[in-house]
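Trainee: Here you go, sequence then predicted model.
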Amino acid sequence: MRVLRLFLLLLLVLLPMAALAVQPDEVLSDPALEARAREISRNLRCVVCQNQSIDDSDAPLARDLRLLVRERLKAGDSDGQVYGFLVARYGDFVLLRPPVKPSTWLLWFGPAIVLVLGSVALVLWFRRRKAAVEPLPISEQERAQVSRLLEDR
Amino acid sequence: MRAIVILPLVMFALIAGFFAWALFSRNDASILPSALIDQPAPAMKLEPLLAELPGLDVAALKGEVVLVNIFASWCPPCQVEHPVFMKLAQQKAVPIYGINYKDKPEAAKAWLQRLGNPYAGIGVDPLGRNAIEWGNYGVPETFVLDKQGRIRHRFVGPVTEDAWRDTLLPIVQKLRQ
């Protein structure tokens, strides 16, 4: 019980550190629309910081883009239209999850190809090694030596 | 079986080669390629910053090769490129149009008064929303527009003497032909 209480206290202490980049004045009054905006923002890269979503970033441009996303949603855009709007201006780079298309095939399937090639190479290598270390039969003389040693014991 | 002996060396050479290329090719990954290359410049009509100078009407830029520069008085690299633009304006090398990005008009006016005005027209973008139409992600950024009003190049960061001579001038010359 004490541990639990301590844990809850710790959570409370840490809560302010999870402060959101989204400012209260940006939040839409319609919760469904706001939820969509949050989801879209999480998938959009802040082009200034480049490794954060605009939902996480405090950069002024990220704020501008968050507001833009919300404006487009309020104007009746579908999620796809909002993404399309930003990709038209900032390119695929603005999407944190790059689309699957010929120019990104290597990115998406490269690791799988490396895994397959690596597995094949590993199997081949082990087979060859096994063949190389196949034990040679021992001679009659060696057999006699072994039995002598065993008898001595 | 001999091949496996030199394999580490080959791999080292490959990796070292890749690092060398990344270091020396001036291929800065933080500089994004523009998604708008070869597309018409975004149509917009921006209010003028100065009473005596036009604003920015993108449709009116057709007919000659121009630079469109996004700048702000609060941006130090903009001050770095400013003397280069002054020189280009004196030489009448190429018309330069400005988009004054998220600036206070008084601050921008004072900045131009102090450093000189190389622009043929300056439109204001107080909220930065028009710059987004250009795929802008920082100041300064400079776009080269061809005679048809299409974006043919985006230069990210200050246009230094070197950048003008080695990068932008050849593009401008090629587009004029």
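Mentor: It's in. Numbering: from 1, shown residues only, chains lettered A, B, ... in the order given.
Trainee: Identify the spatial nearest neighbour of the residue minimising distance to the centre of chain A, chain neighbours not counted.
Mentor: Against the mean C-alpha coordinate of chain A, by C-alpha atoms, centre = their mean, the closest residue is residue A:97 at 9.4 Å. Nearest residue to residue A:97, sequence neighbours excluded (C-beta to C-beta, 6 or more residues apart in numbering or on different chains): residue A:43, at 6.2 Å. Quick note: C-beta positions are derived from backbone N, CA and C, even for glycine.
Trainee: Per-residue pLDDT of the one you found, please?
Mentor: Here the pLDDT value assigned to residue A:43 is 95.
Trainee: ok so, going back, so the residue nearest to the centre of chain A: helix, strand or coil?
Mentor: coil (DSSP: H, G, I helix; E, B strand; the rest coil).
Trainee: Next, work out how far apart it and chain B are.
Mentor: According to C-beta to the nearest C-beta, to the nearest Å, residue A:97 and chain B sit 17 Å apart.
Trainee: Can you tell me which residues in chain B are near chain A?
Mentor: By C-beta under 8 Å from any C-beta of the partner chain, the residues of chain B that approach chain A are B:30, B:32-36, B:102, B:127-129, B:132-135, B:137-138.
Trainee: Quick check, the residue nearest to residue A:97 in contact with residue A:96.
Mentor: Yes. Counting by C-beta atoms under 8 Å, residue A:96 is a contact partner of residue A:43 at 5.5 Å.
Trainee: Tell me how far the residue nearest to the centre of chain A lies from residue A:59.
Mentor: Look at residue A:97 and residue A:59: by C-beta to C-beta, to the nearest Å, they are 20 Å apart.
Trainee: Rounded mean pLDDT for the helix ranked longest in chain A, please.
Mentor: Looking across chain A with DSSP state H, the single longest helix is helix A:105-132. When pLDDT is averaged along helix A:105-132, the result is 92.
Trainee: What of stretch A:20-40?
Mentor: 89.
Trainee: Walking through chain B, point out its helices one by one.
Mentor: Using DSSP H, helices in chain B cover B:3-24, B:76-90, B:105-115, B:129-133, B:161-163, B:169-176.
Trainee: just how off-centre is the second one within its chain?
Mentor: Taking C-alpha atoms, centre = their mean, to the nearest Å, one finds the center of helix B:76-90 at 12 Å from the center of the full chain.
Trainee: on that earlier part again, shared neighbours of residue A:43 and residue A:96, anything?
Mentor: Contact with both residue A:43 and residue A:96 is made by residues residue A:53, according to C-beta atoms under 8 Å, 6 or more residues apart in numbering or on different chains.
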